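Peer 1: got a sequence here, can you build the structure:
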Amino acid sequence: MQIAVLIARPGGLDPALAEALRSAWGGAPLRWLAPGEAVEFAIPVAPGNEAEVWGELQGQGVDLAVVPAEGRRKRLLLADMDSTMIGQECIDELAAEAGVGAEVAAITAKAMNGELDFEGALLARVGLLKGLPEGIIPQVLERRITLMPGGPALVATMKAAGAHAALVSGGFTAFAEPIAARLGFDEARANGLLAEGGQLTGDVARPILGREAKVAALEELVTRLGIAEADVLAVGDGANDLGMLGRAGMGVALHAKPAVQAEARLKVNHGDLTALLYLQGYAKDDFAG
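Peer 2: Next up, the predicted model:
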């Protein structure tokens with residue numbers, strides 16, 4: 001049995017559209033997870049025209065996902081940070097403070113779309129931050145960094161259901177640790193920015209946490225928690241997230257770069273992070289936090 005889930009911005013999901021798709025696919029009665037925002041219905045098998053219908057619905061501001069009915073609620077949340085749990089790329093915000101924002105942002109965009117090697121791109125960008133006062137980091141956190149909508153509800157609801165939550169970022173621990181604490185993650189992994197005499201050295205600690213390290217984190221956490229990879233929900237937006245998205249039982253590309261969307265099976269472009277709860281069958285009334 002499969003479950004078709006339709007998700008839109010609040011008020012953006014027309015009940016007639018949902019009913020028309022349910023009828024066309026021979027689905028069970030609609031189950032509204034949030035009126036005007038999210039609905040699901042069961043179907044015997046995944047339809048052959050899923051990709052075509054997905055494309056049509058995108059033009060109407062609606063996300064579509066077809067997921068197995070069995071094992072929908074996941075026991076591990078593995079989340080990227082930059083442009084996923086927060087609305088910014090931390091390194092771009094630091095670069096803006098250093099006066100090299102445009103140059104660093106251009107490298108970031110290429111790296112996240114898979115056009116540049118992640119580690120090389122990271123080192124090139126961090127090198128441009130050399131000499132920036134270390135004390136600027138808490139200021140950037142306070143002034144420039146905002147949480148992505150739906151993030152607190154996602155973490156709180158999954159944890160209330162017994163899941164473990166890990167933030168795994170190719171960014172920096174100076175950001176990841178306070179953001180993880182603010183959102184209620186159980187742990188955070190990221191790269192360490194090196195500093196001497198109160199100034200950034202333009203380098204990061206080794207080993208660098210990139211695509212393979214995120215996969216390694218998934219493997220390690222699954223073993224430690226005694227669960228299967230099928231029990232993992234992973235979410236990210238960049239090319240360095242593709243490894244963990246592909247391995248997780250539910251890998252979701254959230255407002256992702258084109259190269260990531262081309263490879264990811266599950267994509268959310270219109271909903272916020274609560275879409276990941278709807279994909280697991282949680283109704284809005286079930287949300288914690």
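Peer 1: show me the contacts for the closest residue to Ala234 other than its chain neighbours.
Peer 2: With C-beta to C-beta, 6 or more residues apart in numbering as the criterion, Ala234 has its nearest non-adjacent residue at 3.6 Å, and that residue is Ala248. C-beta here means a position set from N, CA and C on the backbone, and glycine is covered the same way. Contacts for Ala248 were tallied using C-beta atoms under 8 Å, 6 or more residues apart in numbering; they are 78, 218, 229, 232-234.
Peer 1: ok, 10 Å please
Peer 2: Neighbouring residues of Ala248 by C-beta atoms under 10 Å, 6 or more residues apart in numbering: 74, 76-78, 215, 218, 222, 229-236, 266.
Peer 1: and after the strand ranked longest in the chain, which helix or strand comes next?
Peer 2: Longest among the strand segments of the chain by residue count, using DSSP state E, is strand 164-172. Following the chain from strand 164-172 toward its C-terminal end, the next helix or strand by DSSP states H and E is helix 173-183.
Peer 1: pairing partners for the helix or strand following that following helix, with directions?
Peer 2: For helix 173-183, the succeeding helix or strand toward the C-terminus, using DSSP H and E, is strand 187-191. Strand 187-191 has its sheet partners listed here by DSSP bridges as strand 164-172 (parallel).
Peer 1: just the angle between the partner strand and helix 173-183, please?
Peer 2: Counting by axes from the mean of the first three to the mean of the last three C-alpha atoms, to 10 degrees, strand 164-172 lies at 150 degrees to helix 173-183.
Peer 1: now strand 164-172: average pLDDT?
Peer 2: Confidence over strand 164-172, taken as the mean pLDDT, stands at 96.
Peer 1: could you dump that strand to CSV, C-alpha only?
Peer 2: The C-alpha coordinates for strand 164-172 follow below in CSV (Å, rounded to 0.1, in the frame of the first residue of the first chain):
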residue,chain,number,x,y,z
HIS,A,164,16.5,11.0,17.9
ALA,A,165,17.4,14.3,16.1
ALA,A,166,20.9,15.0,14.8
LEU,A,167,22.0,18.2,13.0
VAL,A,168,24.8,17.3,10.5
SER,A,169,26.2,20.3,8.7
GLY,A,170,29.0,21.1,6.3
GLY,A,171,29.0,24.5,8.0
PHE,A,172,30.5,25.4,11.4
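Peer 1: what's the spacing between it and its chain's center?
Peer 2: Strand 164-172 has its average C-alpha position 10 Å from the chain's average C-alpha position, going by C-alpha atoms, centre = their mean, to the nearest Å.
Peer 1: from the contacts of Ala248, which would you call buried?
Peer 2: Among these, those classed as buried by neighbour count (16 or more other C-beta atoms under 10 Å) are 74, 76-78, 215, 218, 222, 231-236, 266.
Peer 1: next SSE after the helix or strand of the chain with the lowest mean pLDDT?
Peer 2: Least confident helix or strand, the chain: helix 101-112 with a mean of 88, by mean pLDDT, DSSP states H and E. Using DSSP H and E, the helix or strand that follows helix 101-112 in sequence is helix 118-127.
Peer 1: now that next one: buried residues?
Peer 2: Taking 16+ other C-beta under 10 Å as the basis for neighbour counts, the residues of helix 118-127 that come out buried are 118-119, 121-122, 125-126.
Peer 1: looking at it, Val155 is touching Met148, isn't it?
Peer 2: No - in terms of C-beta atoms under 10 Å, Val155 does not count as a neighbour of Met148; the distance is 11.2 Å.
Peer 1: ok, those two, which is more surrounded?
Peer 2: Set side by side, Val155 and Met148 show unequal neighbour counts under other C-beta atoms under 10 Å, the larger going to Val155 at 25 against 21.
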